[in-house]
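> Sequence and predicted structure are below.
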Amino acid sequence: MVVAETALGLANAVFTPVAPPKSAFVCAYIPVMIPGGGLQIGVLADPASSRILAAGLLSGGPEDELSEGDIADAIGEIANMVAGTAKAARATTSTVVTLGLPLIVHGWVGSNDRTEIECASASIGGATLTIVVLQSRQPLI
């Protein structure tokens, strides 16, 4: 997670398990496909935190004007970093792990009785970042 540690200051971040948020967030989800199944890795931040994270990633300050597109791109890039770390951790010479394209959502993607969800949050430079993992309870065909 060297890229994420460097770009976001995650080296000292402590992630704590949390309940899934139910309010509006800026989210980016990345599909992670592995043999026999797959999952979605999401990165969520409330509007204020997403601006702080985007400014930090884009080497700007909190006073810089950022468009909604800039913020969405930054949250998507953070999701790519997190998913890339998960891919590196799961991939072996015999296991192929493939990442999809980020899906940006303004709101919340919920789970149902066929999916498991785990969330963890950390404070980073005055922003709260939540990582979500959604996974099917049933094997994919």
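Sure thing, it's come through.

> list the contacts for the residue nearest to residue 34 when sequence neighbours are not counted?
Nearest residue to residue 34, sequence neighbours excluded (C-beta to C-beta, 6 or more residues apart in numbering): residue 97, at 5.3 Å. Heads up, the C-betas are built off the backbone N, CA and C, glycines and all. Taking C-beta atoms under 8 Å, 6 or more residues apart in numbering as the criterion, residue 97 is in contact with 32-34, 86-87, 90-91.

> Reformat these as a markdown table; add distance to residue 57 and secondary structure.
Below are the contacts of residue 97 laid out as a markdown table (distance: C-beta to C-beta, whole Å; DSSP: H, G, I helix; E, B strand; the rest coil):
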| residue | distance to residue 57 | secondary structure |
| --- | --- | --- |
| 32 | 21 | strand |
| 33 | 26 | strand |
| 34 | 27 | strand |
| 86 | 19 | helix |
| 87 | 20 | helix |
| 90 | 25 | helix |
| 91 | 25 | coil |
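
> Would you mind checking the residues you listed for buried ones?
Buried members of these, counted by 16 or more other C-beta atoms under 10 Å: 32, 34, 86-87.
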